[in-house]
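# Turn this into a structure:
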Amino acid sequence: METVSTNRAFEGVQGVYRHESATCGCPMTFAVYVPPQAESGPCPVLWYLSGLTCTHANVMEKGEYRKAAAEHGVILVCPDTSPRGDDIANDEAYDLGQGAGFYVDATEAPWAPHFNMYSYVTEELPALMAANFPADMNRQAIFGHSMGGHGALTIALKAPGTYRSVSAFAPITNPIAVPWGQKALAAYLGPDPSAWRAYDATALVEDGRKVPEILVDQGDADNFLSQQLDPAAFKTACETAGITLTLNMRPGYDHSYYFISTFMADHIAWHAERLTKG
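I've put the predicted structure just below:
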C-alpha cells in the first residue's frame, strides 16, 4: 500500500492511499480519516460511498466530515467509485463505466474483469483496513450519497451482522425502476431484471432482507428526485417489512455537496451512537 498524502486535521490524520487491487485488477485509490482517539486504541469504522462521477476526493474535499469524525472518534473511509485506467472498460456517458461502478460485481463483458466494486468494498478494502489501520472491524457502519446511497443500502441489507447502522443522502433506492439503474444494471449484469434485484434496496426489502433502522436525508429541490430517486416505493417496502425508516425531506436542498455537508455531522453522530453501544 502506497501513501499518496497525509495531512493533519482536527488532531487526526487525513490520508490518501493507493494499492494494487486484486479484486478490480488495477490500482485503486482511497481516503481514510483517522481521528485522534486512535492514538489510544482501535476506533470504529464508518464507510462513505460516493455517487456518480465522483472519486475518493469529492467527499474528502467538500463533505466537511473531519470535525464530526474527530469529535466522535470514528475512522471514516472513502473508496473510489470504480476501477480506473486506460486499459479499463469505459463509456462516454457519465452514468456508465469509470466513475459509475454502482457497487455491483459485473458479470457481463466488457465490465466483468474489473468492475467488482461490491466485493472490493465488502471484502478487499476491509481486509486492507484491518491490516494497516487502527480499525475496530467489529464496529462498522456505512453510508453514502446517490449511487453511493444505493450501494450503502444494498450492502447493509445483504450483511446486517456486519454493519451496525446504515444511512444515505438522496439514495437511488429502486434502481430497477429508474433510468440510471436500468442502464447500469443491464450493462453490468445482463438483460434479465431478475438478476438486478440483488442490487436494489427496495427489491431486497421486498424479498425479505432487513436491518432494524435506516436514516435517509433527501432534498425536496433535488432535480433528480422525481425521475431517478423517488423514495416512495422504498418507504412503502420498509413500512411493510417493519423496518424503521427515518426519511427527512429537507426543504430547498438539492443534490449537491452543499446539501450533504449540511447534514453530514448529523449522520456521523447518528452512526457514532450506534457504533459505541455495547
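
# going forward, measure contacts between C-alpha atoms and count neighbours the same way
Will do.

# What are the boundaries of the strands in the protein?
With strands called from DSSP state E, the chain shows them at 2-9, 12-21, 26-34, 43-49, 75-79, 135-145, 163-169, 213-219, 244-250.

# What mean pLDDT does the third one get?
This means strand 26-34. Here strand 26-34 scores 98 as its mean pLDDT.

# tell me which residues of that strand are tucked away?
26, 28-34 (16 or more other Cα atoms under 10 Å).

# that older thread, format the strands of the chain as a markdown table; extra columns: distance to residue 55.
Listed next are the strands of the chain as a markdown table, based on distance: least, Cα to Cα, whole Å:
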| stretch | distance to residue 55 |
| --- | --- |
| strand 2-9 | 15 |
| strand 12-21 | 12 |
| strand 26-34 | 8 |
| strand 43-49 | 10 |
| strand 75-79 | 8 |
| strand 135-145 | 12 |
| strand 163-169 | 17 |
| strand 213-219 | 21 |
| strand 244-250 | 26 |
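
# mind checking which of those strands is nearest residue 153?
strand 163-169 (6.6 Å; Cα to Cα).

# got a list of contacts for the closest one?
With Cα atoms under 8 Å, 6 or more residues apart in numbering as the contact definition, strand 163-169 has outside contacts at 139-146, 148-150, 152-153, 156, 213-218, 260, 267, 271, 274-275.

# now stretch 201-211
150, 153-154, 156-158, 160, 173-174, 197-198, 233-234, 237-238, 241, 243.

# any idea how far residue 249 is from residue 220?
6 Å (Cα to Cα, to the nearest Å).

# more neighbours, those two?
residue 220 (18 against 14; other Cα atoms under 10 Å).

# how close does that one get to residue 127?
According to Cα to Cα, residue 220 and residue 127 sit 38 Å apart.

# sorry, back to before: so which of the strands of the chain comes closest to residue 119?
Checking the strands of the chain against residue 119 by Cα to Cα gives strand 12-21 as the closest, at 10.9 Å.

# pLDDT of that closest one, averaged?
pLDDT averaged over strand 12-21 gives 98.

# likewise stretch 55-73?
For stretch 55-73, the per-residue pLDDT averages 98.

# mind listing what's buried in it?
Buried residues in stretch 55-73 (16+ other Cα under 10 Å): 55-57, 59-60, 63-66, 68-73.

# From the rest of the structure, what touches that stretch?
Residues outside stretch 55-73 that contact it (Cα under 8 Å, 6+ apart) are 9-12, 29-31, 33-38, 43-44, 50, 75-76, 78-81, 99, 257, 260-261, 264-265, 268-269, 272.
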